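S.K.: Need coordinates for the following:
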Amino acid sequence: MVERPPPASIPDAPGSYQFLDADGRVLYVGKAKSLRQRLASYFADPATLAPRTAQLVAQAARVEWIQVANETEALLLEYSLIKRHRPRFNVRLVDDKSYPWLAVTVSDPWPRAAVVRGRRRSGTAAFGPFTHAKAARETLDLVVRSFPVRTCSDGKFRRHQAMGRPCLLFHIERCSGPCVGAVDPATYRGYVEDLMAFFAGDTEALATRLRQEMAEAAEQLAFERAARLRDQLASLELATARQEVVLDRPEDLDVLGLAEDPLQAAVCVLRVRRGRLVGRRVLLVDRAEELDQAGLLGRVLEELYADAGPPERSHPGGSGRARPAPADWELV
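M.R.: Residues are numbered from 1 along each chain as shown. Coordinates of the predicted model:
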């Protein structure tokens, strides 16, 4: 049976927690507004627990947790961990139809952007998942004003292509009109790439422009326009909430944490790619030789990067490519 961690060691903050068995298999993944309060509920009198919860606690060997900034990040981190590990005690969040994605059909001659549900399809770039479908759709509607990629169905696209007349979205400047040849393929592909870069994390440019326009509208006493821009900015911030965002910029790096005693040390390495937590590795080190903290970290760095080298640091534009995760990394 899992031993109760000292309450003071559990953060009183949002996050996701995982119960693991003696072989390191994840049995259950959950989320909490307060990790300390939520985990305390598992260590009550077993007679008072639900049968499934009592069975989980009896079979688990340890419990781990990852602290995040807010409840939205906790929900998305829980979702990602469940998709990765398929824990047998989880009964929710297994069906990804409950979560919307932004899909871009990059394999099409004229790619389409849409908010969809369900599994990812080949030839489609997917971004997300998002917790708020309405905000995701509103943000997509907002972004296509700057990057006018088509959002119509293939059937509608073919109908207007045959008629030689664009739909209303072209006239209100939310589509560049590829169905009637109003845009050349190279320019359209640029719109698609810019839109994908935006949903991959480069949101600050559009957010800055919205703030500037909102301030200008307020100075001109155009309060209705300022209110609309405020709502658009709120939808943008809501829809682009990401799982465990740890950096403001889309950087690629590894973060190391060390805990030690006279006999043993543990090193936790978190993989951050494009500013998001994507993987974790824990190393246990027996202190067979006398090493100070710097020497110990040096040995760990040698083991981690002697062959592959550290991750390449992406420039502020975020176009650096991250290396794939090694086989012994736990993806989150």
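
S.K.: In the stretch 101-250 of the chain, where is pLDDT below threshold?
M.R.: Within the stretch 101-250 of the chain, the stretches with pLDDT under 70 are 118-120, 128-132, 135, 201-203, 235-250.

S.K.: can you give me the helices in it?
M.R.: In the stretch 101-250 of the chain, the helices defined using DSSP state H, counting those that start in this stretch lie at 133-146, 154-163, 168-171, 185-199, 204-219, 223-239.

S.K.: how about those helices in a markdown table, adding distance to residue 20 and mean neighbour count?
M.R.: C-betas here are computed from N, CA, C, even on glycine. Below are the helices of the stretch 101-250 of the chain laid out as a markdown table (distance: least, C-beta to C-beta, whole Å; neighbours: other C-beta atoms under 10 Å):
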| stretch | distance to residue 20 | mean neighbour count |
| --- | --- | --- |
| helix 133-146 | 33 | 18 |
| helix 154-163 | 45 | 13 |
| helix 168-171 | 50 | 14 |
| helix 185-199 | 33 | 17 |
| helix 204-219 | 37 | 14 |
| helix 223-239 | 33 | 16 |
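
S.K.: Which of those sits closest to residue 86?
M.R.: Evaluated over the helices of the stretch 101-250 of the chain, closeness to residue 86 peaks at helix 133-146, with 24.4 Å, by C-beta to C-beta.

S.K.: got the angle between that closest one and helix 185-199?
M.R.: With axes from the mean of the first three to the mean of the last three C-alpha atoms, to 10 degrees defining the directions, helix 133-146 sits at 140 degrees from helix 185-199.

S.K.: Distance to residue 84 for the helices of the stretch 101-250 of the chain - can I get that in JSON lines?
M.R.: Output for the helices of the stretch 101-250 of the chain, formatted as JSON lines (distance: least, C-beta to C-beta, whole Å):
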{"stretch": "helix 133-146", "distance to residue 84": "22"}
{"stretch": "helix 154-163", "distance to residue 84": "32"}
{"stretch": "helix 168-171", "distance to residue 84": "38"}
{"stretch": "helix 185-199", "distance to residue 84": "21"}
{"stretch": "helix 204-219", "distance to residue 84": "29"}
{"stretch": "helix 223-239", "distance to residue 84": "23"}
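
S.K.: now the strands for the protein?
M.R.: Using DSSP state E, the strands found in the chain span residues 15-20, 26-32, 62-67, 100-104, 113-117, 125-127, 253-260, 264-273, 276-286, 330-331.

S.K.: Now render those strands as CSV, adding distance to residue 199 and mean neighbour count.
M.R.: What follows is the strands of the chain, written out as CSV (distance: least, C-beta to C-beta, whole Å; neighbours: other C-beta under 10 Å):
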stretch, distance to residue 199, mean neighbour count
strand 15-20, 23, 23
strand 26-32, 24, 22
strand 62-67, 24, 18
strand 100-104, 5, 22
strand 113-117, 9, 19
strand 125-127, 4, 18
strand 253-260, 22, 13
strand 264-273, 16, 18
strand 276-286, 13, 16
strand 330-331, 20, 14
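
S.K.: Nearest to residue 222 among those would be which one?
M.R.: strand 113-117 (29.7 Å).

S.K.: name the helices or strands packed onto that closest one?
M.R.: Using 3 or more C-beta pairs under 8 Å, 6 or more residues apart in numbering; DSSP states H and E, the elements in contact with strand 113-117 are strand 100-104, helix 133-146.

S.K.: For residue 37, give me its contacts.
M.R.: Residue 37 makes contact with residue 12 under the criterion C-beta atoms under 8 Å, 6 or more residues apart in numbering.

S.K.: how near is it to residue 4?
M.R.: 14 Å (C-beta to C-beta, to the nearest Å).

S.K.: Equivalent analysis for residue 32, please.
M.R.: 16 Å.

S.K.: Over to residue 214?
M.R.: 50 Å.

S.K.: what does residue 208 give?
M.R.: 47 Å.

S.K.: Equivalent analysis for residue 29, please.
M.R.: Distance from residue 29 to residue 4, counting by C-beta to C-beta: 19 Å.
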